[in-house]
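In: Any chance you can model this:
(one chain, ligands or ions: 1)
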Amino acid sequence: MVKKIPMRQCIGCGEMKPKRDLIRVVKPKEGEIALDLTGKAAGRGAYLCRSAECLRMAQKSHRLERSFSCKVPAEVYEVMLHELSEADGDS
Ligand SMILES: [Zn+2]
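Out: Numbers count the residues shown, from 1 in each chain. Alright, predicted model coming up:
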């Protein structure tokens with residue numbers, strides 16, 4: 001028996017990983033792009049490893065912007081980096 005694990009691609013390193021190992025980044029209809037720590041927020045989503053490095057890579061490669069077809073201000077990345085480091089604490 002093969003267990004089916006939903007896989008998603010990290011927008012930072014580009015690796016395919018199990019969805020639950022990734023953090024969802026959501027672009028709501030209104031408001032700023034943010035980390036979706038519950039995985040349930042409405043809006044278009046992209047996936048990212050729980051790693052500041054991958055977030056930096058996504059920023060450099062503009063993959064998040066391409067995936068959402070909009071500009072992502074540097075402050076948004078800073079907020080996400082902060083949230084990412086907080087979320088890391090309880091692992
Ligand atoms: Zn990654």
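In: Can you pull out the low-pLDDT segments for the protein?
Out: 87-91 (pLDDT under 70).
In: So which residues make contact with the longest helix anywhere in it?
Out: Ranked by number of residues, the top helix in the chain under DSSP state H is helix 74-88. Among residues not part of helix 74-88, those counted as contacts by C-beta atoms under 8 Å, 6 or more residues apart in numbering are 23, 25, 32-35, 37, 50-52, 55-56, 59. C-beta: built from backbone N, CA, C; applies to glycine.
In: out of those, which are buried?
Out: Neighbour counting with 16 or more other C-beta atoms under 10 Å marks 23, 25, 33-35, 50-52, 55, 59 as buried within these.
In: Mind checking which of those land in helices?
Out: 52, 55, 59.
In: and these as a markdown table, adding distance to residue 46?
Out: Formatted as a markdown table, those follow (distance: C-beta to C-beta, whole Å):
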| residue | distance to residue 46 |
| --- | --- |
| 52 | 16 |
| 55 | 11 |
| 59 | 12 |
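In: Return the closest of those residues with respect to the ion.
Out: residue 55 (8.6 Å; C-beta to the ion).
In: Name all residues that make contact with the closest one.
Out: Taking C-beta under 8 Å, 6+ apart, one finds 12, 48, 77, 80-81, 84 in contact with residue 55.
In: Just the buried subset of those residues, please.
Out: 12, 48, 77, 80, 84.
In: These: which ones sit near the ion?
Out: residue 12 (C-beta under 5 Å from the ion).
In: Relative to the ion, which of the buried ones among the contacts of residue 55 is nearest.
Out: Among the buried ones among the contacts of residue 55, and counting by C-beta to the ion, the member closest to the ion is residue 12, at 4.0 Å.
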